[in-house]
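**Q** Got a predicted model here, sequence first, then my questions.
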Amino acid sequence: MRESIYMKFEKQGRIIFAIGCILLSLPLFSGEKEELGKVKANMDKTWSDSRLVTSSEDEKVYGVNYYIDTFKQLMKSPQKEEAKKKVGNKRKWIVSKSQGVGESVYFHTDYHGEENIKVLSDVIDLSFKNYCEVDGKKEEYSRIKSAKLTFFESSYSMTSNGMVPRLDSDFKKTKEFDVELGESDEIVSILPAYAPVGTKKRGGEGGQVVVVKLTVTGVYPGKKSPLCVQDFYMGREKGKYTDLVKQVDEINK
């Protein structure tokens, strides 16, 4: 009888522990779902690179893609001064919370069937400066030591006579990779050998959207506690990252 009672309580303990683990994981899942929803909302509005979606930030952040496209056009418009004031030089991802460990930032790109892409990194680059700077001088913030890259995909279709792209469904997780960044690495390209799901849709019909979630798993501590990295770029200008950042510097003068 004692043995059966012990086994009963042991089983109950395992169940309680399992439920506890599930409950602990729910906020992360719901947070990810909400963040992917923001990515989708951005794409539904503009299908361009606007403010980057993050899980935590000390101030809003925009990527290189935004500055060489949307912001560059704004600098030619009557809204030039207002745009400078609101979004000029918002290039740094600063995270005080836990020095950024466990926090994420999202990027996206797309492809269609005619491209016949076998490995995404053959045509797409994901780069950033693993530090922050002011007037060319490096700041002493914490930097990324390791990260997890989680990939999601969703198909999209061209609507309104092929003029407006729209996602066909929610994003589905496809693959995860762990990456390590060297302490001396400053400008990093971290897209792994990811094989995309693929699509038969031709360019005028639609294709696939790929979302990459970068989650910080470790940092190199700095004299200033917060994590700070800057100038995120995801796109097809492989090997041209330094030139693109120079463009951003010039646009933001």
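**A** Great, that's in hand. Keep in mind that what you see is a predicted model, and the values were worked out from it rather than measured.

**Q** where do the strands sit along the stretch 1-150 of the chain?
**A** With DSSP state E, counting those that start in this stretch, the ranges of strands along the stretch 1-150 of the chain come out as 92-95, 104-111, 125-129, 133-134, 137-138, 141-159.

**Q** Arg202 is nearest to which of those strands?
**A** Evaluated over the strands of the stretch 1-150 of the chain, closeness to Arg202 peaks at strand 141-159, with 9.7 Å, by C-beta to C-beta. In short, each C-beta sits where N, CA and C put it, glycine included.

**Q** What pairs with that closest one, parallel or antiparallel?
**A** Paired strands of strand 141-159, with direction, are strand 164-167 (antiparallel), strand 172-180 (antiparallel), strand 206-220 (antiparallel), strand 224-235 (parallel) (DSSP bridges).

**Q** Report the contact partners of the nearest residue in space to Val101 that is not next to it in sequence.
**A** The shortest distance from Val101 to any non-neighbouring residue, by C-beta to C-beta, 6 or more residues apart in numbering, is to Val216 (5.5 Å). Val216 is in contact with 95, 100-104, 144, 146-147, 227, counting by C-beta atoms under 8 Å, 6 or more residues apart in numbering.

**Q** What is the neighbour count of the residue lying closest to Glu237 once chain neighbours are set aside?
**A** Once flanking residues are discounted, Glu237 sits nearest to Leu244: 6.0 Å by C-beta to C-beta, 6+ apart. By other C-beta atoms under 10 Å, 19 other residues sit near Leu244.

**Q** so Met158 makes contact with Pro165?
**A** Yes: between Met158 and Pro165 there is a contact under C-beta atoms under 8 Å: 5.7 Å.

**Q** Now for these two: what residues contact both?
**A** When contacts are counted by C-beta under 8 Å, 6+ apart, Met158 and Pro165 are jointly contacted by Gly206.
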